[in-house]
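Asks: Need a 3D model of the following:
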Amino acid sequence: MARRDEEQFAVGEDAFMDTIANLVGIMIILVVIVSAKGYSASRTMAREEIREKIQELAAPSAQAENLDRDLESQLEQLHRYEVETAYRNAERMSLVDRKLLLEQQLNQRLEQLDTESQKEFEQKAKTALLEKQLGELERQQEEVPEVQKKVIALQHLPTPMAKTVFGKELHVMIRDEQLSVIPWDTLIEQLKINARASASRNSQRDKFEDVLGPIDGFLMRYRLISKSGMMSDGRVAAMGKMVELERFELEPSSEVFRESVEESLGPRGRLRSELDAVRSNHTTVTVWVYPESFGQFRKLKELLYREGCLCAARPLPKGMRIGASPQGSSSTAQ
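Replies: Reported below is the predicted structural model:
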């Protein structure tokens, strides 16, 4: 009984060993198969990478070949230009030599001619030159197309004798081809009021500036000066201090009302209403006009002339403000 158990144990052990050996063999076979597939895949990937690298290098190589061909073509063309330049230089030098030789021969012949023959020769040369120039001018005249003459009508505006303005004035500004009425009298009256208050605030200063407005869109910047000295009221003289206006300037703001010349003199225009309010034989329209608006000033002058109004011009350079001072000149009306 014991012997049989030993035999059965030996048989079971041999079967177990065979099973293990088979498993090991199968694993070895699987490892070999996987290794073979991995090697094949790696070779395929390597070949594809090499092919891609070759394709990537093919384009720069072709481009380099094209650049080499272009460089060779340009070098060949440059060589042809150099040869052509050398040929033209040689041809030019040959022409210069021929010219110098002909001048020498001509000078020798001129020296051989007597004075009268030389004068005759020079006269013929001048005649030939003038005939050549005349022919050239005639040819140019034939080439120039006929230009239709444009008739320009000049409008005459009678200009009466100018005279200095002493009566009522209306001040207007024409800038950028637009007309604006200046509230001149209102600004002057406000200046008289503000100047007293400004002088009180700056009593210790000899010169000071201030600003008032805006009135109808115009700001007034003025400068006052203070003077000390003997003053008299007609009865008693004593030391005193007096404030005088040195100068004022007007600065238009964006709120200034602007019209065309036709609109301003129309039934509802600003200048029309001002003229109707102060119309008299002694009213003058003083026009402060800038260079770009001289055409509009001409139109305004014609319209005022038709209505029998006097007109005074105050031309201003571009960018300069309207201004006045006690030492300034009066307007001159026509």
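
Asks: quick one: secondary structure of H171?
Replies: Counting by DSSP: H, G, I helix; E, B strand; the rest coil, the backbone at H171 sits in strand.

Asks: now swap in P214 and tell me
Replies: Classified using three-state DSSP, P214 is strand.

Asks: Tell me how far the closest residue to it other than its chain neighbours lies from R314.
Replies: Closest residue in space to P214, ignoring its immediate chain neighbours: S253 at 5.4 Å, by C-beta to C-beta, 6 or more residues apart in numbering. C-beta: built from backbone N, CA, C; applies to glycine. S253 sits 20 Å away from R314, going by C-beta to C-beta, to the nearest Å.

Asks: The two: who's more crowded?
Replies: R314 (17 against 11; other C-beta atoms under 10 Å).

Asks: Three-state assignment for A313, please.
Replies: strand.

Asks: Pull the number of nearby residues for it.
Replies: The burial count for A313: 18, using other C-beta under 10 Å.

Asks: dump the residue contacts of it.
Replies: Under the criterion of C-beta atoms under 8 Å, 6 or more residues apart in numbering, the contact list for A313 reads T286, V287, V289, F297, K301.

Asks: residues in contact with the fourth one?
Replies: When the contact criterion is C-beta under 8 Å, 6+ apart, the partners of F297 are I174, V287, V289, A313.

Asks: so which strand or helix has it?
Replies: Assigned by DSSP states H and E, F297 falls within helix 294-306.

Asks: Using CSV, write out the CA atom coordinates for that helix.
Replies: Extracted in CSV, the C-alpha atoms of helix 294-306 (Å, rounded to 0.1, in the frame of the first residue of the first chain):
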residue,chain,number,x,y,z
PHE,A,294,-11.4,137.5,-48.9
GLY,A,295,-13.9,136.2,-51.5
GLN,A,296,-16.7,136.3,-48.9
PHE,A,297,-15.6,139.8,-47.9
ARG,A,298,-15.9,140.9,-51.5
LYS,A,299,-19.4,139.5,-51.7
LEU,A,300,-20.4,141.2,-48.5
LYS,A,301,-19.0,144.5,-49.7
GLU,A,302,-21.0,144.2,-52.9
LEU,A,303,-24.2,143.5,-51.0
LEU,A,304,-23.6,146.4,-48.6
TYR,A,305,-22.8,148.7,-51.5
ARG,A,306,-26.2,147.9,-53.1
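
Asks: Pull out the buried residues from it.
Replies: Q296, F297, K299, L300, K301, L303, L304, Y305 (16 or more other C-beta atoms under 10 Å).

Asks: Quickly note the distance from the residue nearest to P214 to D216.
Replies: 10 Å.
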